[in-house]
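Q: what would the 3D arrangement of this be:
(one chain, ligands or ions: 1)
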Amino acid sequence: MNVRFLPLILLVLCTGGAQAQELNTKNVFLITLDGLRWQEFYSGADSLLLHDERWVDEVDALSERFWADSAVERRARLMPFFWSTVAEHGQLYGNRSYGNLVDVSNKHVFSYPGYNEILTGFADEAIDSNAKRPNPNVTLLEWINTQEGFDGLVAAFGSWDVFPYIINEDRSGIVVNAGFEAAEGDISAREAFLNVLQEQTPSPWSTVRLDVFTHHFAKEYLIRERPRLLYIAYGETDDFAHDAEYDSYLESAHRTDAFIEDLWNWVQADDAYRDRTSFVITTDHGRGFKDEWVGHGADWEGSNHIWIAVLGPDSSGLGEVRDTAQLYQNQVAATVVRLLGFEYGNRVAVGPPIESALR
Ligand SMILES: [Zn+2]
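A: Residues are numbered from 1 along each chain as shown. Here you go, the predicted structure:
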């Protein structure tokens, strides 16, 4: 060997090895928006629904906010953070117009089966209802919480009151704040005030709180406890859709986009989280088309069509992915686990990581 090149070869080997094993991501925020359709995510307000007084109280006012002639303009109006920062620096999967498909693999296509698939990496057909039954399966949250460096640094916040069961709070020991639960522990003055507001604010639903509470409880916890794996499950979009309120459904998608931007801005302003935190964002299920947009499930065509977005230091800025491809909801868990530097090992039924999200 020509010794003149030896230092160069060693350098290449060392950096190559480090890159193969070591990612920049030290923290992951897994975020879901319940039942937000790929149609709105990729094309903004749907002309078939926005102009229809069955679904919208004030068509002119809503059109003023969210209508534009092109889908590219409409989606940027609806979810400006996704179609600026995420589109520029992250990755967006599931625009079926280009043949980039993301599907739910469970057959039920409603919430508990979907969240189980997202959080465990496999479809369990035995989970066939939204009943408050403790999940027999171990979620990635529970698994990561047992790994070195993560004990007590995993937390979940959700608007729906079934999350303590989906995550099996009792067995997993993970902090879960969901439904109408108050903040507990060594809480800040802001959390104490949120507790009061939550009690005094009328809620449209008995099992799902407004997302503003979930968001701010999660953010205050983030500031106070600095978790490394944080799951936030926003819920409003699905409930406004079931209520056949397309205006409220769009407004909710728009607000949630701003919540996620708020989290990203906090992360990028914090020395320990900046450039070391990945966001993985998806939905538990799609919905029907046209008049069927209000519902979802095995009998509602299109309910298995979803989307996934990734933003972080280990995911190149592919933007809207237009390659013909097929991804599944069961790949989210392994992607999160891999971003945190782990492998699921011999869990054979788990969907593989999304490889393109890891380079
Ligand atoms: Zn639903």
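Q: every contact and neighbour count from this point should use C-alpha atoms.
A: Fine.
Q: part of a strand, is residue 259?
A: No - when the secondary structure is assigned by DSSP: H, G, I helix; E, B strand; the rest coil, residue 259 falls in helix instead of a strand.
Q: tell me the contacts of it?
A: Contact partners of residue 259, counting by Cα atoms under 8 Å, 6 or more residues apart in numbering, are residue 215.
Q: same question for residue 87.
A: 317-320.
Q: check which element follows the helix or strand encompassing it along the chain.
A: In this assignment (DSSP states H and E), residue 87 forms part of helix 87-89. Per DSSP H and E, the first helix or strand lying C-terminal to helix 87-89 is strand 91-93.
Q: in that next one, what counts as buried?
A: Taking 16 or more other Cα atoms under 10 Å as the neighbour-count basis, strand 91-93 is seen to contain the buried residues 91-93.
Q: what is the mean pLDDT for it?
A: pLDDT averaged over strand 91-93 equals 98, rounded to a whole number.
Q: who does it touch, helix- and strand-wise?
A: In terms of contacts (3 or more Cα pairs under 8 Å, 6 or more residues apart in numbering; DSSP states H and E), strand 91-93 is packed against strand 100-103, strand 308-311, strand 319-320.
Q: tell me which of those sits most buried.
A: Of all those, strand 308-311 has the most neighbours on average by mean count of other Cα atoms under 10 Å, namely a mean of 25.
Q: helices of the stretch 51-200 of the chain, start to end?
A: For the stretch 51-200 of the chain, helices defined by DSSP state H, counting those that start in this stretch occupy the ranges 59-66, 71-78, 87-89, 111-120, 140-145, 163-166, 169-172, 189-200.
Q: before we move on, the earlier item: as JSON lines, the helices and strands packed on strand 91-93 with mean pLDDT and distance to residue 194 would be great.
A: Converted to JSON lines, these look like this (pLDDT from 0 to 100; distance: least, Cα to Cα, whole Å):
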{"stretch": "strand 100-103", "mean pLDDT": "98", "distance to residue 194": "36"}
{"stretch": "strand 308-311", "mean pLDDT": "98", "distance to residue 194": "29"}
{"stretch": "strand 319-320", "mean pLDDT": "98", "distance to residue 194": "36"}
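Q: possible to save the contacts of residue 87 as JSON lines with distance to residue 154?
A: Compiled in JSON lines, these are given as follows (distance: Cα to Cα, whole Å):
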{"residue": "317", "distance to residue 154": "27"}
{"residue": "318", "distance to residue 154": "29"}
{"residue": "319", "distance to residue 154": "28"}
{"residue": "320", "distance to residue 154": "30"}
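Q: how about the strands in this protein?
A: If you assign secondary structure with DSSP state E, the strands in the chain sit at 27-33, 91-93, 100-103, 154-158, 175-178, 229-234, 277-282, 308-311, 319-320, 325-328.
Q: could I get these as CSV with distance to residue 210?
A: Conversion of these to CSV gives the following (distance: least, Cα to Cα, whole Å):
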stretch, distance to residue 210
strand 27-33, 13
strand 91-93, 26
strand 100-103, 27
strand 154-158, 10
strand 175-178, 11
strand 229-234, 9
strand 277-282, 19
strand 308-311, 23
strand 319-320, 30
strand 325-328, 29
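Q: flag the shaky bits of the stretch 201-350 of the chain, pLDDT-wise.
A: Applying pLDDT under 70 to the stretch 201-350 of the chain picks out residues 345-348.
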